[in-house]
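A.B. asks: sequence plus predicted model, see below.
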Amino acid sequence: MIETGALWTVIILLGLGSFGLRFVFTGLVGDRAMPDWLLRHLRYTAVAILPALVAPQVVWPSVTDGVFDIPRAAAAVVTLAVGLGTKNVLLAMTSGAGTLYGLLYLLG
């Protein structure tokens, strides 16, 4: 288990790092125009964050001690398929959550 002091140190450092990254774009750049290539890349940042957070929990779920789990993999596939098919984030997330909890209920 992580000590309380170490945990708060990590939280504070991550908060400062996050603030620093945002400050570079909002505080230092301000109202100046950014290059088109940078704006094009920034558009994909939000799309990349959610899969980066979810992928480890699909492939190595901590709930199952890192053992591959069919309900989580099926939920990820359904979420991806619905998201690509409909371009609707909320529908994709809801269908993935429904698949996960439905399969956990059926198999549990």
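C.D. replies: Here it is on my side, so go on.

A.B. asks: I'd like to know which elements the helix or strand bottoming out on mean pLDDT in the chain is packed against.
C.D. replies: Taking mean pLDDT, DSSP states H and E as the measure, the helix or strand of the chain with the lowest value is helix 45-59, at a mean of 84. Applying 3 or more CB pairs under 8 Å, 6 or more residues apart in numbering; DSSP states H and E, we find helix 45-59 packed against helix 70-86. All C-beta atoms are positioned from the backbone trio N, CA, C, and that covers glycine.

A.B. asks: show residues contacting the helix it packs on.
C.D. replies: 54, 57-58, 61, 88-89, 91-93, 95-97, 99-100, 103-104, 107 (CB atoms under 8 Å, 6 or more residues apart in numbering).

A.B. asks: run the chain-centre distance for the helix or strand following it.
C.D. replies: Next along the chain after helix 70-86, taking DSSP states H and E as the criterion, comes helix 89-107. Remark: helix 89-107 is offset 16 Å from the chain centroid, using CA atoms, centre = their mean, to the nearest Å.

A.B. asks: put the alpha carbons of helix 89-107 into CSV.
C.D. replies: Taking C-alpha atoms only, helix 89-107 is exported to CSV below (Å, rounded to 0.1, in the frame of the first residue of the first chain):
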residue,chain,number,x,y,z
VAL,A,89,-19.4,9.0,-27.7
LEU,A,90,-22.2,8.7,-25.1
LEU,A,91,-23.9,5.9,-27.0
ALA,A,92,-20.6,4.1,-27.3
MET,A,93,-19.8,4.4,-23.6
THR,A,94,-23.3,3.4,-22.6
SER,A,95,-23.4,0.4,-24.8
GLY,A,96,-20.0,-0.7,-23.6
ALA,A,97,-21.0,-0.3,-20.0
GLY,A,98,-24.3,-2.2,-20.7
THR,A,99,-22.3,-5.0,-22.3
LEU,A,100,-19.8,-5.2,-19.4
TYR,A,101,-22.5,-5.3,-16.7
GLY,A,102,-24.8,-7.6,-18.7
LEU,A,103,-22.1,-10.2,-19.3
LEU,A,104,-20.8,-9.9,-15.7
TYR,A,105,-24.4,-10.6,-14.5
LEU,A,106,-24.9,-13.5,-16.9
LEU,A,107,-21.6,-15.1,-16.3
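
A.B. asks: thank you kindly, that will do.
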